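S.K.: Sequence and computational prediction follow.
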2 protein chains.
Amino acid sequence: MSNMNRQFLLAARPQGMVKESDFDYAEAPKPVAGDGEFVVQTSHISLDPSMRGQMENRADYVAPLEIGDVMRAGGVGKVVESNHPDFAVGDMVGGTFGMQDYAVFNGSTPLRRYPPNTSAEQALGVLGGTGMTAYFGLLDIGEPKPGDVVVISGAAGATGSIAGQIARIKGCTVIGIAGSDAKCEWLTTELGFNFAINYKTQNVADALDKLCPDGINIYFDNVGGELLDTALERIATNARVVICGGISRYNATGDLAGPKNYFNLVFRRARMEGFIVLDYADQFPAAAEVMQGWINAGELQQGATVLNGFNQLPKALIALFEGVNTGKLMVKTN
Amino acid sequence: MSNMNRQFLLAARPQGMVKESDFDYAEAPKPVAGDGEFVVQTSHISLDPSMRGQMENRADYVAPLEIGDVMRAGGVGKVVESNHPDFAVGDMVGGTFGMQDYAVFNGSTPLRRYPPNTSAEQALGVLGGTGMTAYFGLLDIGEPKPGDVVVISGAAGATGSIAGQIARIKGCTVIGIAGSDAKCEWLTTELGFNFAINYKTQNVADALDKLCPDGINIYFDNVGGELLDTALERIATNARVVICGGISRYNATGDLAGPKNYFNLVFRRARMEGFIVLDYADQFPAAAEVMQGWINAGELQQGATVLNGFNQLPKALIALFEGVNTGKLMVKTN
């Protein structure tokens, strides 16, 4: 175990697409557990679209980062030192560890615990923040019913790929929109999506008209932009438009257009709703149990793209916005 | 009683703002009640923003009109001839009578019935379609709770003025946005709105920041456009954005912008939802009873602007979009 704590600090607030120069590499001493504290060593760090917003100086549902702060990031790792009665050396935990090798806690920050045989992919994916986002976004906001047509943008991403599988489990017809033929193939042959549309090579509007002529009951949106308008034009009566993310917006500059077809919410008596997964934190353990059951039954799969090496972290975040990942994107750091 | 049935027919699909030349005046013979039929003579015809959309060739929740059809319009009137067992001469009824003096029915079309002492203002307003729209839009979609801050655009219009009073009755703080000082004065001194903002002379954003620094719990939107964006920027956590109408859109040409601040639905875990009041038709009688109770208790007032003369109808529709009315706009035709 190294005595050095590698870190990436926020060096600059990004203008447009995030750049490597928005981060500074730093080395700090490995922290030591004080009275009642414990130290976690990260093994894998998660890359999530929401990290882009946290680099801005904006008061949202979480406090913004200051320049010079360790970049905020989710991670999974093991307790390597503990003076806390509830956390023992070797425990596998997940939480907001930041882009660093070690993080120190005193038990006041909520962490997730995993059975020791949990893979990092599952811990950060289906059983972590993105899995919970898919679960509560689809089930609580989307309210799927058997036979519903569910269309998912960013379908091959960490959240979309889980949301689509849950929709399939709930008896819906699932259509994924993704950015490559390989991703589309993965969605339909591995994850059991009914259909997939490659938005880079196909006309999404025409494809949807053909695949769901009676309209969309649930649009689970991770993208925003023109795709959202294309979907709003095709929502069915009483549709639910779940605003989970808007990755097309996060690195954009200037004034962003809104969904001009929003007024279809009236004509189709439909609802468009956002949510923050942290609001469901007290239900995470129960949801994880349900998801674990689906995994055990072979109904729910975790796809992941794992990059290797701590110094890959800034590049990996850029790669996320370029859509290189299939499923959950993470960096193996230790 | 005249033997002539004056009518306004749809002459042309409007381009941009509706014009008088979009209508043709016609005279038909007064219809005669056949077997099982009855004839209603309109006394007042309602002017509603939704009429603009019905002049277009567009499949929405109601069938579009054909060129040459009698213009569709809500009205109130009395049965003047009847061969139907359930409708007697003298009964006061409301329904979609069209822009004409007489309409004939056979009982299959749902009509509202009013106690004989009901005023036309109440029959077309609080107890008619606009009142029902305010009632179900605010209560069912908006879900007001005591202490909520409710902001209403088009607040001095037929629906907005009723919605605001219901919000007040439900214990909310009510802020109306309207287009003249006289309308604002009416809202606060007559209808019991807590505050009113004249969007033509005041900066709405600044006024809202001052009046509701903790944000908007319910935005009841009759207008769309920039006001919707101004409100979305200021919604509180778990806010409800009720899309009741979008009068700023109805006469606009070209591509209309969408609400660029829609993504606040995520940051504020909020919901934007549309509805069609006809979906609540089976609950109209119960709602009318509740509203009548509020009227009797002096808690709910009906404002109305009544123009005189059948030939005023096309001008009155244009005047509606120019905002001349305070409360319900109607034409007294007979």
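M.R.: Right, received. Where do you want to start? Predicted model only: the values in this text are computed from it and were never measured. Residues are numbered from 1 along each chain as shown, chains lettered A, B, ... in the order given.

S.K.: how close does A:G129 sit to B:A155?
M.R.: 41 Å (Cβ to Cβ, to the nearest Å). Backbone N, C-alpha and C define where each C-beta goes, glycine included.

S.K.: and these two? which has more neighbours close in?
M.R.: Using other Cβ atoms under 10 Å in any protein chain shown as the criterion, A:G129 and B:A155 rank with B:A155 on top: 29 against 22.

S.K.: wait, doesn't the more buried one sit right on B:F195?
M.R.: No - counting by Cβ atoms under 8 Å, B:A155 does not reach B:F195; the two are 10.2 Å apart.

S.K.: overlap in contacts of these two?
M.R.: By the contact definition Cβ atoms under 8 Å, 6 or more residues apart in numbering or on different chains, B:A155 and B:F195 are jointly contacted by B:G176.

S.K.: Show which residues not belonging to stretch A:255-266 make contact with it.
M.R.: A:225, A:228-229, A:232-233, A:235, A:241, A:249, A:270-272, B:224, B:229, B:243-246, B:249, B:255-262, B:272-276.

S.K.: Could you name the specific helix or strand carrying A:V89?
M.R.: Under DSSP states H and E, no helix or strand contains A:V89.

S.K.: isn't it right up against A:N83?
M.R.: No - the pair formed by A:V89 and A:N83 falls short of the contact definition of Cβ under 8 Å, at 10.7 Å.

S.K.: Give me the more crowded residue out of these two.
M.R.: Ranked by neighbour count (other Cβ under 10 Å), A:V89 and A:N83 place A:N83 first, with 14 against 11.

S.K.: Next up, the contacts around the closest residue to A:D86 other than its chain neighbours.
M.R.: Counting by Cβ to Cβ, 6 or more residues apart in numbering or on different chains, A:G107 is the residue found nearest to A:D86 once chain neighbours are left out, at 6.2 Å. Residues in contact with A:G107 (Cβ under 8 Å, 6+ apart) are A:G36, A:F38, A:H84, A:D86, A:F87.

S.K.: got the residue ranges for the strands in the stretch 151-300 of chain A?
M.R.: A:173-178, A:195-198, A:216-221, A:235-243, A:271-274 (DSSP state E, counting those that start in this stretch).

S.K.: Chain B contacts on chain A?
M.R.: With Cβ under 8 Å from any Cβ of the partner chain as the criterion, chain A comes near chain B at residues A:60-61, A:224, A:229, A:243-246, A:249, A:255-276, A:279.

S.K.: For ChimeraX, what selects the buried ones among those residues?
M.R.: Buried residues among these (16 or more other Cβ atoms under 10 Å in any protein chain shown), as a ChimeraX selection:
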select /A:224,229,243,244,245,246,249,256,257,258,259,260,261,262,263,264,265,266,267,268,269,270,271,272,273,274,275,276
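
S.K.: Which of the residues of chain A next to chain B fall in helices?
M.R.: A:D229, A:R249, A:N264, A:L265, A:V266, A:F267 (DSSP state H).

S.K.: Let's have those in a markdown table, adding pLDDT and distance to A:K145.
M.R.: Formatted as a markdown table, those follow (pLDDT from 0 to 100; distance: Cβ to Cβ, whole Å):
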| residue | pLDDT | distance to A:K145 |
| --- | --- | --- |
| A:D229 | 97 | 25 |
| A:R249 | 87 | 30 |
| A:N264 | 95 | 20 |
| A:L265 | 97 | 19 |
| A:V266 | 95 | 22 |
| A:F267 | 92 | 21 |
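
S.K.: Going by distance to B:P285, which of those residues wins?
M.R.: A:V266 (24.2 Å; Cβ to Cβ).

S.K.: A:V223 contacts A:G246, doesn't it?
M.R.: Yes - with contacts counted by Cβ under 8 Å, A:V223 reaches A:G246, the gap being 6.6 Å.

S.K.: what sits in contact with each of those two?
M.R.: Going by Cβ under 8 Å, 6+ apart, no residue sits against A:V223 while also sitting against A:G246.

S.K.: Just give me the residue closest to the centre of chain A.
M.R.: When Cα atoms, centre = their mean is applied to chain A, the residue found nearest the centroid is A:T130 (3.8 Å).

S.K.: Could you confirm that residue falls within a helix?
M.R.: Yes - secondary structure of A:T130 (DSSP: H, G, I helix; E, B strand; the rest coil): part of a helix.

S.K.: need the contact list for it.
M.R.: A:S46, A:D48, A:L124, A:A158, A:T159, A:I162, A:K328 are the contacts of A:T130 under Cβ under 8 Å, 6+ apart.

S.K.: what about the residue sitting furthest away from the middle of chain A, which SS state?
M.R.: In terms of distance from the mean C-alpha position of chain A, A:D35 ranks first, at 34.3 Å (Cα atoms, centre = their mean). Using three-state DSSP, the structure places A:D35 in coil.
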